[in-house]
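> pasting the structure only:
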């Protein structure tokens, strides 16, 4: 249990423990006062000395036990508890033979014996202590105790021992319950710590995955475009075509600036800068134009067209970013792998969902089954795009389907539900139209 936390059993245990120590101190003090009042001789002063020694041993043991219970890194006296109880018992045995006033210390000692010793040992020890109390009383009252006192001298210690055993067993049950609660609390704290570490690790992995997707869909493709345009500009300069070289260098500058803005924004978890400047439809149209320009720089007659169907609605940042990144990744795959001459990006608003289809008339391929091994990453670092795209779409409860066959082109179809934005259906997004 943490400091400040107390269960009912812990409070009862604390009260019983304090009562036990107070009772022992009061009985010992009363016995010492009676010895002093009787005009102690040599035996009396010896008894007082032994009583002080008993008090010292008792206090040392209880203080060490208390300190360890509150601060577990302190000295642990539990391995020496039996020896401590033995010292207390021996001193008490000597005292009861020196004076009858010390026999009543037997009752708190009964509780100590039940607490420190195993039950199968404690009960015989208590029985033996009870017999010693009766014998000590008889010894000190021999010749003065009549029949009227002999029965109470036996019944008093016996009933006292029985009461102590019953109370001690109840105390022991409460002690075990409190100890189990303490262990459960420690286990709970440990489990909470492990859960916090697991959540932190999961958050770290999630953030790494997010950054990997953003880098793949923005920076990696941007750098690829910069390399392509740089080579094209160099070739144009070699051919003396300064106008084309200037145009390619301008594209390099625009792409580098866009990459810098993308890097700054996805580090902060914001949407794409392209979506800050125009609508999703405008960004997709601009992406198609840029893809055509890059194809022209390579000397290819590649055409990319954007179509808008339905009435656009305002989309949240995750939706717009996911669709834009999907188009970027898909067109990059079309240009690198498909060897297509035409690509069409279609954005459709259909009331309860938004859909985007990217079609190309390239060589096609045989899609691998969905699952953990879907779109495995290749040794050259490629193959991450479709897996990244599927993770983005799945995170928004959407679907991604790939229809393709060798020689028949490819269609990447994405569907995202618009349950939360259904109320906004029919509200034009910045006046964008097909």
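Looks like it came in fine. Here the structure is a predicted model, which is why all the values come from computation and not from measurement. Residues are numbered from 1 along each chain as shown.
> shouldn't residue 27 be in contact with residue 106?
No - Residue 27 is beyond contact range of residue 106, at 9.3 Å (criterion: CB atoms under 8 Å). Where you see a C-beta, it was placed from the backbone N, CA and C, and this is true even at glycine.
> more neighbours, those two?
A count of neighbours by other CB atoms under 10 Å puts residue 106 above the other of residue 27 and residue 106, at 23 against 19.
> Over to that one: give its phi and psi.
Backbone torsions of residue 106, given as degrees, to the nearest 10, read phi -60, psi -30.
> what about stretch 63-77, how long is it end to end?
Stretch 63-77 has an end-to-end distance of 10 Å (criterion: CA to CA, to the nearest Å).
> So which bits of that stretch are buried?
Under the neighbour-count criterion of 16 or more other CB atoms under 10 Å, stretch 63-77 has 64, 77 buried.
> Could I get the buried residue list for the helix or strand hosting residue 262?
Applying DSSP states H and E as the criterion places residue 262 in helix 242-267. Applying a neighbour-count criterion of 16+ other CB under 10 Å, one finds 244-245, 247-249, 251-252, 255, 258-259, 261-262, 265-266 buried in helix 242-267.
> Reformat the residues you listed as CSV; add distance to residue 15 and pLDDT.
Output for the buried residues of helix 242-267, formatted as CSV (distance: CB to CB, whole Å; pLDDT from 0 to 100):
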residue, distance to residue 15, pLDDT
244, 94, 80
245, 92, 82
247, 90, 82
248, 87, 79
249, 86, 84
251, 83, 79
252, 82, 81
255, 77, 76
258, 73, 75
259, 71, 73
261, 69, 72
262, 67, 70
265, 63, 68
266, 61, 64
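> Residue 126 contacts residue 165, correct?
Yes - when contacts are counted by CB under 8 Å, residue 126 is listed as touching residue 165 (6.3 Å).
> what do those two both touch?
110, 114 (CB atoms under 8 Å, 6 or more residues apart in numbering).
> Now residue 224: closest residue in space, sequence neighbours ignored.
Take residue 224 and drop its neighbours on the chain: the residue closest to it by CB to CB, 6 or more residues apart in numbering is residue 332, 7.6 Å away.
> Which helix or strand contains that neighbour?
Assigned by DSSP H and E, residue 332 belongs to helix 317-333.
> elements contacting the helix or strand just after that helix?
Next helix or strand after helix 317-333 toward the C-terminus (DSSP H and E): strand 342-349. Packed against strand 342-349 by the contact rule (3 or more CB pairs under 8 Å, 6 or more residues apart in numbering; DSSP states H and E) you find helix 280-297, strand 303-309, helix 317-333, strand 353-360.
> so which of the ones you listed gets nearest residue 71?
helix 317-333 (50.6 Å; CB to CB).
> what angle separates the closest one from helix 242-267?
Computed by axes from the mean of the first three to the mean of the last three CA atoms, to 10 degrees, the angle separating helix 317-333 from helix 242-267 equals 140 degrees.
> mean confidence for helix 317-333?
Helix 317-333 shows a mean pLDDT of 85.
> got it, and stretch 395-413?
pLDDT averaged over stretch 395-413 gives 89.
> Show me where the stretch 1-150 of the chain has its helices.
Secondary structure of the stretch 1-150 of the chain (DSSP state H, counting those that start in this stretch): helices at 8-37, 42-70, 81-98, 106-116, 119-140, 147-214.
> in the helix or strand just after the last one, what counts as buried?
Read that as helix 147-214. Using DSSP H and E, the helix or strand that follows helix 147-214 in sequence is helix 221-238. Neighbour-count burial for helix 221-238 flags 221, 222, 225, 226, 228, 229, 232, 233, 236 (criterion: 16+ other CB under 10 Å).
> Great, nothing more from me.
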